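Visitor: Build me a structure from this.
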Amino acid sequence: MFLLYYLARFKNRFKYSLIILGTLINVLFAVNYFYADGISGASLLSFTLFIFLMFAVSPRKQYPYWFALVLLTVTSVMVIEYLRPETVQHVYRSVQDQIVDAGSTVFINIVVILLVLVYLKSEYYREVLKAKKEKRN
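Guide: Predicted structure coming up:
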């Protein structure tokens with residue numbers, strides 16, 4: 001992670017850092033899928049948060065790449081689970097555990113999405129006000 005921060009901050013290679021980090025996170029979510037009850041777990045919800053965050057911080061021309069990567073990854077893990085169900089570890093001891101996991105994942109996703117949207121909208125409105133001020137002067 002430090003290397004990616006270094007590349008982005010000091011070597012002005014944000015684009016490459018983002019691609020590497022995004023790809024690694026996608027792979028980690030795919031691995032987590034098999035260790036967290038597969039389709040019965042909350043891992044698939046994490047992919048929705050991931051793609052939202054990638055769309056929020058990446059250039060528009062990268063959207064098709066991120067969309068295709070996530071779609072391919074999600075489809076692949078589901079097909080692997082379908083063909084080889086033994087690859088998935090079942091970790092929930094009760095339905096209550098499963099509900100808590102899914103509920104907490106949804107809650108975290110909503111909070112992160114809200115925070116990102118509030119930040120983006122506040123920055124947008126700040127820039128609009130700045131442009132209006134400059135136009136008046």
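Visitor: Correct me if wrong: Asp37 contacts His90.
Guide: Yes. The pair Asp37 and His90 qualifies as a contact (Cβ atoms under 8 Å) at a distance of 5.5 Å. All C-beta atoms are positioned from the backbone trio N, CA, C, and that covers glycine.
Visitor: Tell me the spacing between Ile99 and Ala42.
Guide: Separation of Ile99 from Ala42 (Cβ to Cβ, to the nearest Å): 10 Å.
Visitor: For the residue nearest to the spatial centre of the chain, give me its contacts.
Guide: In the chain, the residue lying closest to the centroid (Cα atoms, centre = their mean) is Phe50, at 0.9 Å. For Phe50, the contact set (Cβ atoms under 8 Å, 6 or more residues apart in numbering) comprises Gly22, Ile25, Asn26, Phe29, Val70.
Visitor: Quickly name whichever of those is closest to Leu115.
Guide: Taking Cβ to Cβ as the measure, Leu115 sits nearest to Ile25 out of the contacts of Phe50, at 17.7 Å.
Visitor: Now that closest one: closest residue in space, sequence neighbours ignored.
Guide: Phe50 (6.0 Å; Cβ to Cβ, 6 or more residues apart in numbering).
Visitor: so how far is Leu21 from the one you found?
Guide: Between Phe50 and Leu21 the computed distance is 11 Å (Cβ to Cβ).
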